[in-house]
Each structure stands twice: as structure tokens, then as C-alpha cells.
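Undergrad: Got a predicted structure here, sequence first:
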Amino acid sequence: MGMAEEIRILLVKNSNMSVSALAKLLETTPQNLNYKLKYDDFRESELRKIADLLGYELKIGFVKKKVR
């Protein structure tokens, strides 16, 4: 699941916020946010801000692959 899909789920299930409302809080246009959601094109700083606005913490990490 991509970050864009996770953001859409959080908007619907947890905050009942529209994309337009989130765009306003992010100080961007709804068109720009929809583009980012369509192409899953977010900077880490944008993801952290979105997480904070929706009441979440963003955690990104690497997990070591199992060696065969």
C-alpha cells in the first residue's frame, strides 16, 4: 500500500476530512494535493506534516533482508 492510499484511508476513517480541507491546512491547492495523491509523490517533510495534522506520527525505516 502506498502512502497516498494510506493518507486517503486516514482522511476517511479517522478524521472525516476532505482533500480540499487538508490542502488548505497544508497551504497548497487541492489540485496540487490531488496530483501528489495520484502519483504518490510526497516529500518526507510533507508526510510528517500530514501525519501531524491528522493526529499521527510518521515512522519510516529500513528492515534488514533475510539472508539465504
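TA: Cool, got the structure.
Undergrad: Quick one: the helices in the protein, in order.
TA: Using DSSP state H, the helices of the chain run over 3-9, 19-25, 30-39, 44-53.
Undergrad: Check which helices and strands the second one is in contact with.
TA: Read it as helix 19-25. Contacting helix 19-25 under the criterion 3 or more CB pairs under 8 Å, 6 or more residues apart in numbering; DSSP states H and E are the following elements: helix 30-39, helix 44-53. C-beta here means a position set from N, CA and C on the backbone, and glycine is covered the same way.
Undergrad: Save those helices as a markdown table, and put in mean pLDDT, distance to residue 15 and mean neighbour count too.
TA: What follows is those, written out as a markdown table (pLDDT from 0 to 100; distance: least, CB to CB, whole Å; neighbours: other CB atoms under 10 Å):
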| stretch | mean pLDDT | distance to residue 15 | mean neighbour count |
| --- | --- | --- | --- |
| helix 30-39 | 98 | 14 | 14 |
| helix 44-53 | 97 | 8 | 15 |
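Undergrad: Mind checking those helices for the one nearest to residue 20?
TA: helix 30-39 (4.5 Å; CB to CB).
Undergrad: what packs against that closest one?
TA: Packing partners of helix 30-39 (3+ CB pairs under 8 Å, 6+ apart): helix 3-9, helix 19-25.
Undergrad: Show which residues not belonging to it make contact with it.
TA: Outside of helix 30-39, the residues within contact range by CB atoms under 8 Å, 6 or more residues apart in numbering are 4, 7, 8, 19, 20, 22, 23, 26, 41, 42, 46.
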